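In: how would this look folded up:
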Amino acid sequence: MCDQCSGAMRDKFAPSRRSAMLLAAAALGTAFSGRAFAKQTKAPPKPQNLLSPDAALKRLMDGNARYVDGVTRRHDFKHEREALAGGQNPFAAVLSCADSRIAPEYAFDTGRGDLFVCRVAGNFAGTETVASMEYAVAVLNTPLILVLGHDACGAVDATLKALKDDKPPPGHIPSLVDAIAPAAKSAMQQGGDALDKAIRQNVIDNVAKLKAAAPILNGAVEQGKLKISGGIYRLSTGTVDLIAQG
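Out: Model (predicted):
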């Protein structure tokens, strides 16, 4: 057979580039479907954490009530540690300030594997935090996110001071100021106690930011699989006041 005929035969029977890509995509889809099915059939380490968004928020607040009353439960950390060695399914994710006086696991009377916690001074949702929350929702199936601010927040207070003095703080702290500045500026325009108003507005703004985070978080909210709420932790009592629910 001549080279020309041989080439024609190859062109006739060889799959096109588009069909090859479709075949590859189909193979990948099958692989991912199998992986997702395997994930769904695997028993979660904490079955009691399989909750609806509303039930997850209620459980969180019931835990806070016990914490405030000083009647927290005894958690079996040894056996929880063993059960969680192979996976996790937290019933809530918390975006909290890094303040040493705020400990979400204590404040909501939870055990190991119950909360997926991200902490940063000023409890704002930066790129890495949004990505972490997406992981909690898309991979761990977490039904609730709570943005948790607190009164007398030093990061918010420092932001207000930097804006008033028009003088940036040293080191990398200006990155915190930039993130909290919108809430601080809004509070300054309202008058009155700027710190309390800025703390509240900062929580509200970050709840809204997480709700709008496409495509994962906003999609989960629209489908009713996720609730994103906000709260303020009171240092003197330990009480968490919900201020933004949805």
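In: helix or strand right after the lowest-mean-pLDDT helix or strand in the chain?
Out: Least confident helix or strand, the chain: helix 17-41 with a mean of 40, by mean pLDDT, DSSP states H and E. Using DSSP states H and E, the helix or strand that directly follows helix 17-41 along the chain is helix 53-69.
In: which elements pack onto that next one?
Out: Contacts defined by 3 or more CB pairs under 8 Å, 6 or more residues apart in numbering; DSSP states H and E place helix 53-69 against strand 92-96, helix 104-107, strand 144-150, strand 227-233, strand 240-244. Bear in mind the C-beta positions are built from the backbone N, C-alpha and C, glycine included.
In: which one is Val221 nearest to, not counting chain neighbours?
Out: Leaving aside its sequence neighbours, Val221 sits nearest to Lys211 (CB to CB, 6 or more residues apart in numbering; 5.6 Å).
In: sorry, wrong one. I was asking about Ala121.
Out: Nearest non-adjacent residue to Ala121, counting by CB to CB, 6+ apart: Ala155, 4.1 Å away.
In: what secondary structure does that neighbour sit in?
Out: Here Ala155 is recorded as helix under DSSP: H, G, I helix; E, B strand; the rest coil.
In: host element of Ser186?
Out: Per DSSP H and E, Ser186 falls inside helix 174-190.
In: give me the buried positions along that helix.
Out: Across helix 174-190, burial judged by 16 or more other CB atoms under 10 Å covers 176-177, 179-181, 183-184, 186-187.
In: out of the residues you listed, which one sits closest to Asp99?
Out: Leu176 (12.5 Å; CB to CB).
In: dump the residue contacts of that closest one.
Out: By CB atoms under 8 Å, 6 or more residues apart in numbering, the contact set of Leu176 is 121-122, 124, 155, 158-159.
In: in those residues, which residue is surrounded by the most others?
Out: Per-residue neighbour counts (other CB atoms under 10 Å) across the contacts of Leu176 peak at Thr159, which has 29 neighbours.
In: that residue touches Pro182, doesn't it?
Out: No: applying CB atoms under 8 Å as the test, Thr159 and Pro182 come out as separate, 9.8 Å apart.
In: re earlier: tabulate the contacts of Leu176 (CSV), appending distance to Asp193, pLDDT and secondary structure.
Out: As requested, these are exported to CSV (distance: CB to CB, whole Å; pLDDT from 0 to 100; DSSP: H, G, I helix; E, B strand; the rest coil):
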residue, distance to Asp193, pLDDT, secondary structure
Ala121, 21, 98, coil
Gly122, 18, 98, coil
Phe124, 20, 98, coil
Ala155, 17, 97, helix
Ala158, 16, 96, helix
Thr159, 15, 97, helix
